[in-house]
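Engineer: Quick one: sequence and predicted model below, then my questions.
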Amino acid sequence: MKKELLMLACLSAAACGSDTPTTPAGPTTTDTSFVLTLTAGNEVPPISNAEAGASGTATIVFHVTRDTAGTITASTVDFSVILDHFPAGSTARLSHIHTGAAGVSGPVLVDTGLSPQLPVAMPAGTGNFSFTGVTISAESVTSVLANPAGYYLNVHTVLNGAGAIRGQLK
């Protein structure tokens, strides 16, 4: 009898430690990061004026929330961009993620938040900007994550209004 009670107690204790959840897990958030090298030569067409030597580095982090079925339900994106080798006195006015493979110009998909009202002056030819929590639609982030090479980030300046430096997501 003692042996049977001991076995029953052990089985009960093992059942309490079960890995089988009784309720579905809630939404999960994951981060996906991209680090891009931005150059004037990557623009379409390549920059050939005073900003031809300009470059930069961008870190883009997508914060993606998925429901229990794995479907993306919400997302935000953070941008951190370092600008370098611009002529003294340059001003960055816009920056976006665009749809487009390498060598192809495309429409804006996500605006970083840099604007003519919030420009980055580069009196010594360098500068930086960061924007966090920028909203991106579930449809857009799904497309970017499925094919990052089909998207690029560029920075527009006063001198190069169509874009001064560019880098593909990889």
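Structural biologist: Yep, that arrived. Note that the coordinates shown come from a computational prediction; the quantities given were computed from them, not determined experimentally.
Engineer: Quick check: chain neighbours aside, which residue is closest to G133?
Structural biologist: T76 (4.9 Å; Cβ to Cβ, 6 or more residues apart in numbering). C-beta: built from backbone N, CA, C; applies to glycine.
Engineer: Counting by contacts, list what the helix or strand hosting that neighbour packs against.
Structural biologist: Assigned by DSSP states H and E, T76 belongs to strand 72-84. Other elements packing on strand 72-84 under the criterion 3 or more Cβ pairs under 8 Å, 6 or more residues apart in numbering; DSSP states H and E are strand 55-66, strand 90-99, strand 127-135, helix 138-146, strand 151-157.
Engineer: Indicate each strand paired with that strand and its parallel or antiparallel sense.
Structural biologist: Each strand paired with strand 72-84, and its direction, by DSSP bridges: strand 55-66 (antiparallel), strand 127-135 (antiparallel).
Engineer: Pick the most buried one from those strands.
Structural biologist: Of all those, strand 55-66 carries the top mean neighbour count, a mean of 19, counting by mean count of other Cβ atoms under 10 Å.
Engineer: Turn the helices and strands packed on strand 72-84 into TSV, columns for mean pLDDT and distance to V35.
Structural biologist: TSV is the format used below for these (pLDDT from 0 to 100; distance: least, Cβ to Cβ, whole Å):
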stretch	mean pLDDT	distance to V35
strand 55-66	97	5
strand 90-99	98	14
strand 127-135	97	14
helix 138-146	96	15
strand 151-157	98	11
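Engineer: Nearest to D111, out of these?
Structural biologist: Checking these against D111 by Cβ to Cβ gives strand 90-99 as the closest, at 5.4 Å.
Engineer: Distance from the chain centre to that closest one, please.
Structural biologist: When distances are taken as Cα atoms, centre = their mean, to the nearest Å, strand 90-99 is centred 14 Å away from the chain's centroid.
Engineer: ok, back up a step: which residues does the residue nearest to G133 contact?
Structural biologist: Residues near T76 by Cβ atoms under 8 Å, 6 or more residues apart in numbering: 62-63, 132-136.
Engineer: ok, back up a step: for the strand holding T76, list every residue counted as buried.
Structural biologist: For strand 72-84, a neighbour-count test (16 or more other Cβ atoms under 10 Å) marks 72, 74-81, 83-84 as buried.
Engineer: now stretch 153-170
Structural biologist: Buried residues in stretch 153-170, defined by neighbour count with 16+ other Cβ under 10 Å: 153-157, 159-160, 163-169.
Engineer: now the end-to-end length of stretch 131-144.
Structural biologist: Start-to-end span of stretch 131-144 (Cα to Cα, to the nearest Å) is 19 Å.
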